[in-house]
Structure formats: structure tokens, C-alpha cells
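*Asks:* missing the sequence, but the structure's below:
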């Protein structure tokens, strides 16, 4: 699907624009430490890249500007007490200005995970295909397609984990396809481990993520109404069903862990019964077993 109104690229005009006449339509929250570095960088070496604005008529008839790109730089200049800032002035509609800002935010190398996801989702909602978004952001088409697939399935928790580098994208897709089937999810993890895409800390993070996804749902939203919802028969039924599902997940996880432990205990029993193996253990100084473990794996009869 191609967008019905593609963003044109206006010819910019570089000016020194009064900061108090620039309006920011969609301000973003900023990391305090990162923003302090931007301010200090501008203070010491100056502004490397002008911001981008588009002119609008103000209520008093005087010209004002709407910020298109460069909110961090603009805020830094305000913090430093500068009255004016270098700006590329372009002629753009509100929609084009909004889309240009989105494209810049998505294409930035450093971004907050949810900002990237929101930007890609908004571009998709505006009618841009995966290829269009990839061309505008510098990301690959396959990456955008997989992100959009997770986005359409409501897998916000998986998406955030991918953007934070906690799990690779292909593992997130495998977990999504496994759904709520515990065995299918564990199989996806095993395949990711065997392929080398999930190892060490990433594997631990993936397991924690899956547990949170099963317990808390696919989204990361914590927004709750200040006013408690009225208790109704249907809400009680939903709460009961949710708790039953949670307990069922816990039972499945416990059963799976028990099956693996029984398998390991059985394997150790066979190994310990092998005199050649126990002789090797003695030779390596590994012939002692914790009592707690020994009670569960040592069979009746002669033991080491």
C-alpha cells in the first residue's frame, strides 16, 4: 500500500529564528542525563545542525513557527538562555511536518524503545508500506515487516524487549507464534539457544520476559483509573477466569520443571551405576555429591 499524499521535500531557508516564537506541538519527555550532555555539548562547541521549522501566522498577525525537527536542540538553546536559534525554514503542511518529525525520530540512532514503535506504527497508520518506512528511516524492509507484525498482534512487551536489545527480533517472532502454549514457547527458546541467538544473559532475560508476558499480558501499560471500577458479576467472573488462567500457567510450568528434573535424576542414576564413570570421577576429585542431591538420585545398593 502506498501513501495517498507523499511527503514532499521543500527547499529550506536558513534563518536565525526567535526562540520565543517557536511552538512545539508534540513535546517529548527526555532523559535528564542525556539532555545535560546535549546542553554541555552545545555550550562548548556550538550547534552542529540547525533545527527545522515551518512558518505559521500567529494570533497577533506576526509570523510564528511550528517545530518540525530538533526539539532537543531547541530546548537546549532555551536552557542556555539564547534568544535565537539557527533554523531551516521550510514550507510544509501540518501533516507533512508531523510525518517529517516522525521519520527523523524513527531514524535516530538513539531513541527510546516506545518512541520508535510509536513512530513506526503512526507511519503505518498514515498508509506507508514497510518499504516506504524502511526507505525513510534507513531500517531494513524485513526488520520493519517483523516489527509491524508484532505491532499488529499487540505484542508491546516483546517489541520493547527487542528495541532494548534484550532479545533478538527473530526470537520475539518465534515467541509470538508460539502464543500461550507453554511447550511451544519452550521449544522456541530451545531453538534460539541451539542457533546461538539466545545465550547467557539474553536467555535469562527471555525467560523472565516470557513469564511476565504470561502473568501480566502482552502490553506494558500500567495506566489505571484513579477511581476504582464498580464490582459487577461480569467483572468478578473475568477476574476469576484470569486467576484460573494464571494458576494453570503456574501448574504447567511446575510440571515442565518436574519432568526435566526427573529426567536429569534418572540420567545421573545411570551414570553413577557405571563403575567406569565413578572411577573417572574419583580420578578427577569429583566423587562427592551433596546429600540433598544424593538422596534423590542414588539407587538402592552399593553406591559411591
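*Replies:* Right, received. Where do you want to start? Please read all numbers here as calculations on a predicted model, not as lab measurements.

*Asks:* can you pull out the low-pLDDT segments for this protein?
*Replies:* For the chain, applying pLDDT under 70 flags the ranges 1-12, 29-31, 95, 99, 102-118, 137-138, 220-231, 235, 292-293, 298-304.

*Asks:* show me the strands in it, by range?
*Replies:* 13-18, 22-23, 51-57, 63-69, 84-89 (DSSP state E).

*Asks:* which one of the ones you listed lies closest to residue 250?
*Replies:* Set against residue 250 and scored by C-beta to C-beta, the strands of the chain come closest in strand 63-69, at 48.4 Å. (Glycine included, C-beta is placed from N, CA and C.)

*Asks:* what helices or strands is the closest one leaning on?
*Replies:* Judged by 3 or more C-beta pairs under 8 Å, 6 or more residues apart in numbering; DSSP states H and E, the packing partners of strand 63-69 are strand 22-23, strand 51-57, helix 94-107.

*Asks:* how close does residue 171 get to residue 162?
*Replies:* The gap separating residue 171 from residue 162 is 9 Å, by C-beta to C-beta, to the nearest Å.

*Asks:* now swap in residue 128 and tell me
*Replies:* 20 Å.

*Asks:* pull the number of nearby residues for residue 79.
*Replies:* Applying other C-beta atoms under 10 Å, we find 14 residues neighbouring residue 79.

*Asks:* count of neighbours near the closest residue to it other than its chain neighbours?
*Replies:* Closest residue in space to residue 79, ignoring its immediate chain neighbours: residue 39 at 5.3 Å, by C-beta to C-beta, 6 or more residues apart in numbering. Per other C-beta under 10 Å, the neighbour tally for residue 39 reads 17.

*Asks:* which residues touch residue 39?
*Replies:* By C-beta atoms under 8 Å, 6 or more residues apart in numbering, the contact set of residue 39 is 76, 79, 80.

*Asks:* name the nearest residue to the first one, ignoring sequence neighbours.
*Replies:* Spelled out, that is residue 76. Leaving aside its chain neighbours, residue 76 sits nearest to residue 39 (4.6 Å; criterion: C-beta to C-beta, 6+ apart).

*Asks:* cool, the last one as well?
*Replies:* Residue nearest to residue 80 in three dimensions, not counting chain neighbours: residue 43, with 6.1 Å by C-beta to C-beta, 6+ apart.
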